[in-house]
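Trainee: What would the 3D arrangement of this be:
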Amino acid sequence: MTADTPYGVKTLPELYKVWSATGMVANIGTRIVDVDFGRLVLEGNMTAGSHGFPTSRGTIVHGGAIATLADECLASVAFTAAEEGETTVTADLKVDFLRPAKPGRLVARGTVRHRTKRLAFCEATVEQDGGQVVAEARAVIAYVKA
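Mentor: Numbering: from 1, shown residues only. Below you'll find the predicted structure:
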C-alpha cells in the first residue's frame, strides 16, 4: 500500500482482522482474497454442519448463508470507496439463487458500479470453488458517519 492508496482499500484488511474473530465473518470464515478500489474478492468456508441444509440429493448450503456472504461482499466492496469517517450499511439487497451450492469454499466477487455522495450501487457473484456461479446479488449501500 502506498500513500495514495484510498482510505477504504487500506482500512478494510485491518477491519477484517478484527471481524474474523466474532460474528458472521467468523461464522462463515470469510477472508479477503483480493481488494482494490471498487473491487473485492472474498472467500468463505461453508461447512455442512454450520451452513448445510439436508436434501434428498445431499447437503446443500443454506440460502441464508449464501446471501450473508453476498451481502458482506457488497457492503465491503462499497467500503473500498469510503472516505475517512464513513462506514457502509446495506439499504437494499437482491439475491438471485441460480443453483444449489455444496459445502466448501465459496468465492464472492464484488464491484462498485456507481457511487454518489451517499450511495453505492454494487453487484456481486457467489461461486462454488471451481468457478460455477451459484448466486448473483445487487445492493444499494449507504454511506453513514462511522
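
Trainee: Could you list the low-confidence segments of the chain?
Mentor: 1 (pLDDT under 70).

Trainee: if you set the cut-off to 50 instead, what comes out?
Mentor: Across the chain, nothing is flagged by pLDDT under 50.

Trainee: Specify the local secondary structure of the residue lying closest to residue 80 once chain neighbours are set aside.
Mentor: Nearest non-adjacent residue to residue 80, counting by CB to CB, 6 or more residues apart in numbering: residue 8, 4.3 Å away. Any C-beta I mention is one placed from the backbone N, CA and C, and that applies to glycine too. With DSSP: H, G, I helix; E, B strand; the rest coil as the basis, the three-state label of residue 8 is helix.

Trainee: isn't residue 8 right up against residue 85?
Mentor: No: between residue 8 and residue 85 there is no contact under CB atoms under 8 Å: 11.3 Å.

Trainee: So for these two, which residue has more residues nearby?
Mentor: residue 8 (25 against 10; other CB atoms under 10 Å).

Trainee: Provide the backbone phi and psi angles at the residue nearest to the spatial centre of the chain.
Mentor: A centroid search over the chain (CA atoms, centre = their mean) returns residue 73, at 1.5 Å, as the residue closest to the centre. Per-residue torsions, residue 73: phi -60, psi -40 (degrees, to the nearest 10).
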